[in-house]
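Undergrad: Predicted model follows, preceded by the sequence.
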Amino acid sequence: MYREAEPQEDAAYLKLYDGHDWKWFRVKLLHTDMEYLRKNWVGEKASAPTLEKRHHKYFLRFSYTEEVSLTKTDIKEQTICSVDLGINTDAVCTIMQADGTVLGRKFVDFPSDKDRLHHVLGRIRRFQRQHGSGQTQSRWAYAKRLNMELARKTAAAITAYAAENHADVIVFEYLEMQGKISGNKKQRLHLWRKRDIQKQCEHQAHRQGIRVSRISARNTSRLAYDGSGPVVRNPENHSLCIFQTGKQYNCDLSAAYNIGARYFIRELLKPFSETERSLLEAKVPSVKRRTSCVYADLRLLSAELASQKAA
């Protein structure tokens, strides 16, 4: 059981079993934590805190209920933040409008945190080579905690950038694959970080009234945003790619354009009837197959819709 202390007292009272009887114990809490709760959560509906044990320490987890209204902007008036979670860069964000206008771009990267994680993974690899993999549980747990902290920082940076540019929706790739994850543990850590970023970002975005949407991840990085076809990765710098036209471009940025374009293509076609949609797809055939849509197709579709409206 839990009982609150005085309003300005940095403490709480917990009813715990001491081996003989249930008694009330006064637990001192950090002043900075209590100041944060008083500043941000006074007046909100609170639930009873939960006592958790993590890493041989006990923590009180406070939970609050907050009602937030998500944006209901019309699709043609929306501004989105499309996000590609890359390998070389933690995330690439693009601010885009329904007609394909790009208002901003940002590369989110935390190199020092990734260096620390890679250093820990290298130590684990050397330890396994000498002693086997039977005694590495605590080392892998530390690596997972570093991975989770990197996901929190990345999600906070994405949400802050979207809110700064008044985005209505944050668009990600759909990564909730089913079944067992294959590959070595380093690859699995990277995939888990992508999932954690999306989950953390969804919670933070909803608190600010921003919606979160997901699109098919197939071919977003493989196809060039200008519609020229498949790209070829630069063998010396994997973050760069070469288009069929010979143009060299950042691969993650091209994928971010394609992610935003697929969202708008899906939402722009959704209100039309089957007959009207077929007529549009006949004039812009590339939007019929969603897994091959790119940014150039959104520009063509937007131009076609504008011409129909003018007529």
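TA: Looks like it arrived, so ask away.
Undergrad: Please compute how far stretch 259-276 lies from its chain's middle.
TA: Per Cα atoms, centre = their mean, to the nearest Å, the displacement of stretch 259-276 from the mean C-alpha position of its chain is 23 Å.
Undergrad: Correction: the previous question concerned stretch 279-293.
TA: Distance, centroid of stretch 279-293 to centroid of chain: 28 Å (Cα atoms, centre = their mean).
Undergrad: Need the single longest helix in this protein, by residues.
TA: In the chain, taking DSSP state H as the definition, the longest helix is helix 137-164.
Undergrad: Next, count neighbours for Thr32.
TA: 8 (other Cβ atoms under 10 Å). (Glycine included, C-beta is placed from N, CA and C.)
Undergrad: what's the spacing between it and Arg218?
TA: For Thr32, the distance to Arg218 (Cβ to Cβ, to the nearest Å) stands at 45 Å.
Undergrad: cool, and Ser47?
TA: From Ser47 to Arg218 the distance is 41 Å (Cβ to Cβ).
Undergrad: more neighbours, these two?
TA: Between Ser47 and Arg218, counted using other Cβ under 10 Å, Arg218 has the larger neighbour count: 14 against 11.
Undergrad: where does that one land in three-state SS?
TA: For Arg218, the assignment made with DSSP: H, G, I helix; E, B strand; the rest coil gives coil.
Undergrad: is it true that it touches Thr291?
TA: Yes - the pair Arg218 and Thr291 passes the contact test of Cβ atoms under 8 Å, sitting 4.3 Å apart.
Undergrad: Pop the domain breakdown of this structure in here.
TA: Using automatic domain parsing, the domain ranges for the chain come out as 2-65, 75-109+162-310.
Undergrad: how about JSON lines for these, with distance to Gly122 and mean pLDDT added?
TA: As requested, the domains of the chain are arranged in JSON lines below (distance: least, Cβ to Cβ, whole Å; pLDDT from 0 to 100):
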{"stretch": "domain 2-65", "distance to Gly122": "23", "mean pLDDT": "86"}
{"stretch": "domain 75-109+162-310", "distance to Gly122": "10", "mean pLDDT": "90"}
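Undergrad: For Lys144, the count of nearby residues, please.
TA: Going by other Cβ under 10 Å, the residues that sit close to Lys144 add up to 17.
Undergrad: ok, back up a step: winner for burial among the domains of the chain?
TA: By mean neighbour count, with neighbours taken as mean count of other Cβ atoms under 10 Å, domain 75-109+162-310 ranks first of those at a mean of 18.
Undergrad: picking up where we left off before, let me have the domains of the chain in JSON lines, extended by distance to Ala156.
TA: Converted to JSON lines, the domains of the chain look like this (distance: least, Cβ to Cβ, whole Å):
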{"stretch": "domain 2-65", "distance to Ala156": "15"}
{"stretch": "domain 75-109+162-310", "distance to Ala156": "7"}
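Undergrad: so which of those domains gets nearest His131?
TA: domain 75-109+162-310 (16.3 Å; Cβ to Cβ).
Undergrad: so how far is that closest one from its chain's centroid?
TA: 13 Å.
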